[in-house]
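K.L.:
Turn this into a model:
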Amino acid sequence: MESAGRRPDSAIGGAVLGIGLVLWFAAVLYSYLRISLWVFDLVVVPLMWVLWAVGSTAVVVGAALLRRPLRYAGSLVIVLVVAAVSVTVGAWWQVSPRGWFATHRVLYERALAVDPGVDTAGAALPPHLRFLASGGRVRGDADHPDTRFFPQTSAFPEFSGGFLHSPGGPPEGFNMRPVPCFGPVSLGGDWWMCGMGR
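P.N.:
Sure thing, here's the model as predicted:
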């Protein structure tokens, strides 16, 4: 018999929704902070993908189990927010770098206001743009003073790659630290990607 008028599937739905939100939030927070854990990224990155997938699925399932109209409407809003934040902050650039750049181009344009200098570490992006680059930093190079580099991979030097804004043409030879950019791929305008496939 139900207690206090609460349906069992509603209680289960609430629990599944809550657990899903916690798992999803952990994955999104990792994507937002863009922390490089060097060799441990071999374990952490796939784990975050699993947390994201399981968490997102649990949010949808939990929302479906909430059958009361107000709870269902509220959970539908949560599902839409989870989807929007996942598309915006989620690390799906690993799957489709061109698609990621196309959907985030406006934000990269805003990030051009940050002067990276020529220091190895570069300059920190504002908090609301931090997720656009590994470590939340944009870098420059003394040999290419007008070029901005937004690293996407940095855990393993031999796999260095990212997006570059180069108004002077292709950023061939730009020091992505420690690997130079060879064979940059045009993304339109003054934007390029290097070391991330074709």
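
K.L.:
can you list the residues that contact the lengthiest strand in the chain?
P.N.:
The single longest strand within the chain, with elements called by DSSP state E, is strand 144-153. Around strand 144-153, the neighbours that count as contacts under CB atoms under 8 Å, 6 or more residues apart in numbering are 93-94, 97, 108, 111-112, 114, 116, 118, 122, 132-135, 137-141, 159-168, 171, 173-174, 176, 195-196. (Each C-beta comes from the backbone N, C-alpha and C, glycine too.)

K.L.:
Could you list which of those residues belong to strands?
P.N.:
137-141, 161-165.

K.L.:
with those in mind, which one is nearest to W191?
P.N.:
H165 (5.7 Å; CB to CB).

K.L.:
Can you pull out the residues in contact with the lowest-mean-pLDDT helix or strand in the chain?
P.N.:
Ranking every helix and strand in the chain by mean pLDDT, DSSP states H and E puts helix 69-89 at the bottom, with a mean of 80. Contact with helix 69-89 is made by 10, 13-14, 17, 21, 24, 28, 31-32, 52, 56, 59-60, 62-63, 66, 103-104, 131, as judged by CB under 8 Å, 6+ apart.

K.L.:
What is the host helix or strand of W49 packed up against?
P.N.:
Per DSSP states H and E, W49 falls inside helix 41-65. Secondary-structure packing of helix 41-65 (3 or more CB pairs under 8 Å, 6 or more residues apart in numbering; DSSP states H and E): helix 8-33, helix 69-89.

K.L.:
which residues are in contact with that helix?
P.N.:
For helix 41-65, the surrounding residues in contact (CB under 8 Å, 6+ apart) are 9-10, 12-28, 30-31, 37, 72, 75-76, 78-79, 82-83, 86, 90-91, 94, 155.

K.L.:
angle of that helix against strand 144-153?
P.N.:
Angle of helix 41-65 versus strand 144-153, following axes from the mean of the first three to the mean of the last three CA atoms, to 10 degrees, is 70 degrees.

K.L.:
Buried only: go through the contacts of helix 69-89 for me.
P.N.:
Neighbour-count burial (16 or more other CB atoms under 10 Å) applied to the contacts of helix 69-89 gives 10, 13-14, 17, 21, 24, 28, 31-32, 52, 56, 59-60, 62-63, 66, 104, 131.

K.L.:
which one is P167 nearest to, not counting chain neighbours?
P.N.:
Using CB to CB, 6 or more residues apart in numbering and skipping the chain neighbours, the partner closest in space to P167 is D190 (4.6 Å).

K.L.:
Give me the buried stretch members for stretch 161-180, please.
P.N.:
In terms of neighbour count (16+ other CB under 10 Å), stretch 161-180 has its buried residues at 161-166, 171, 174-177, 180.

K.L.:
Work out the gap between it and the centre of the chain.
P.N.:
Per CA atoms, centre = their mean, to the nearest Å, the displacement of stretch 161-180 from the mean C-alpha position of its chain is 21 Å.

K.L.:
ditto for stretch 83-93
P.N.:
Stretch 83-93 sits 6 Å away from the centroid of its parent chain (CA atoms, centre = their mean).
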